[in-house]
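Asker: Sequence and predicted structure below; questions after.
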Amino acid sequence: MTGSSNWQLLWYFLTLSSFSVPALATEKLKFVLYYPQVPPYMYQEANSQKVVGLVPDLVRDFFNQEQIQVEFILDNRRGAEHRLYSGDVDAMLIAREWAVSPEQLLFSEPVLTHRDFLFATQPFNARQQPEQWLAGKKVCTRQYYVYEALEPYFRKSATQRIDASSELAQLRMLQNGRCDFAYLNEHVAKWIASHQLSDAKLYQSPLGFGMVGLTIAFHPRWQAYVPGLNQYLQKVRQQGLIEEKLSWYIKKPD
C-alpha cells in the first residue's frame, strides 16, 4: 500500500469518527417531573407548559455539557419510583430516606437541604412543644410521602394523618377546616403563599422538623455521570447560584 493510500485510509477513519461525535447529543436522560408538581423545584409554566424550576435548570445545564438531552416525563411519586427501579425512566428527585429500595439506586449529593414546618390558620403557642401542638390533631400531608419526623406523633400522640394530592391541596384543606395543620417543605410553602394563596393568612410553626437533603436518584446505568454531577453541584453551591436561583423562582412573577 502506498503512502498516499495510507493517508487516504487514515483520513477516512478520522472523518468517520468526526461524524460519530454528534451522536452523543442524541443520548437522552428521562427525568421524572412529578404530577402534581413541586414548585419552585420543578414545574410547568401555566401558559407555555415549559418545564422550569431550580432542578430542571441545574439538570439541563450539567447534562448539556455532557451532550445529553434531558426529557421530562410526567408521573406521580409512587409510579415514578417503580419506573426508576425497572429502568423505564432514568432519574427523579427523591431523598434516600423516602425511597422504598434505596440500595437499587444511585444518589447524588443533595441539591439543597430544606426544613419542614407545620402551618396553621391560628398563631402557634411558642411556649409549647410540638407534642403539645400535635396531640390529638389532624395533619394534612402529601400522598405517598414519608415523614419520619412525624411518625412518633402518629404512633403515640393520637395524631391523624390526612393525605392530599398536592401541597396546594394540603393548604386548601387546612383553610376548609379538614385538618388542624398542614405539614410542608419551607420552600414550597413560600412559593404557594406568593403565587397561589397570596390573600391567605397562614402561620408557620416557630420550630422546624429536621433537615432533609433533596437528592437526585439515578438508575445504576447512569453511574458514570454521578461523580461529575456531584462536582458540578458543589461548584454552583459554592458560587451561591443555587440559593440565588431558588430565591428567584420563589419571587418570580407569574
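Answerer: Here it is on my side, so go on. Numbers count the residues shown, from 1 in each chain.
Asker: The spatially closest residue to Gly136 that is not a sequence neighbour: what secondary structure?
Answerer: If the residues on either side of it in the chain are set aside, Gly136 comes closest to Ala158, at 4.8 Å by C-beta to C-beta, 6 or more residues apart in numbering. No exception for glycine: its C-beta is placed from N, CA and C like everyone else's. Counting by DSSP: H, G, I helix; E, B strand; the rest coil, the backbone at Ala158 sits in coil.
Asker: before we move on, what about Glu131?
Answerer: Assigned with three-state DSSP, Glu131 falls in the helix class.
Asker: Next, work out how far apart it and Asn47 are.
Answerer: Using C-beta to C-beta, to the nearest Å, Glu131 is found at 45 Å from Asn47.
Asker: what does Arg221 give?
Answerer: 36 Å.
Asker: For these two, work out which one has more neighbours and name it.
Answerer: It is Arg221, of Arg221 and Asn47, that has more neighbours when counted by other C-beta atoms under 10 Å, with 10 against 7.
Asker: What residues does the more buried one make contact with?
Answerer: Gly87, Asp90 (C-beta atoms under 8 Å, 6 or more residues apart in numbering).
Asker: how about the strands in this protein?
Answerer: Applying DSSP state E to the chain gives strands spanning 28-34, 43-44, 51-52, 69-75, 91-93, 106-107, 112-120, 138-142, 160-164, 181-185, 203-204, 211-214, 216-218.
Asker: So for Glu148, which of those sits nearest?
Answerer: When the strands of the chain are compared by C-beta to C-beta, strand 211-214 sits nearest Glu148, at 8.9 Å.
Asker: Okay, now the sheet partners of that closest one, with direction.
Answerer: When pairing is defined by DSSP bridges, strand 211-214 lines up against strand 112-120 (antiparallel).
Asker: buried ones in the partner strand?
Answerer: Buried positions in strand 112-120, judged by neighbour count with 16 or more other C-beta atoms under 10 Å: Leu112, His114, Asp116, Phe117, Leu118, Phe119, Ala120.
Asker: tell me which residues form a beta bridge with the residue most central in space within the chain?
Answerer: For the chain, the residue lying nearest the average C-alpha position, counting by C-alpha atoms, centre = their mean, turns out to be Leu93 (4.0 Å). Leu93 has the following beta-bridge partners by DSSP bridges: Ile216.
Asker: Distance-wise, check it relative to Tyr225.
Answerer: Taking C-beta to C-beta, one finds Leu93 at 16 Å from Tyr225.
Asker: For Cys179, give me its contacts.
Answerer: Going by C-beta under 8 Å, 6+ apart, Cys179 touches Lys137, Lys138, Val139, Cys140, Ile162, Gln170, Met173.
Asker: which one of those residues is nearest Ile73?
Answerer: Distances from Ile73 to the contacts of Cys179, taken by C-beta to C-beta, are shortest for Gln170, at 24.5 Å.
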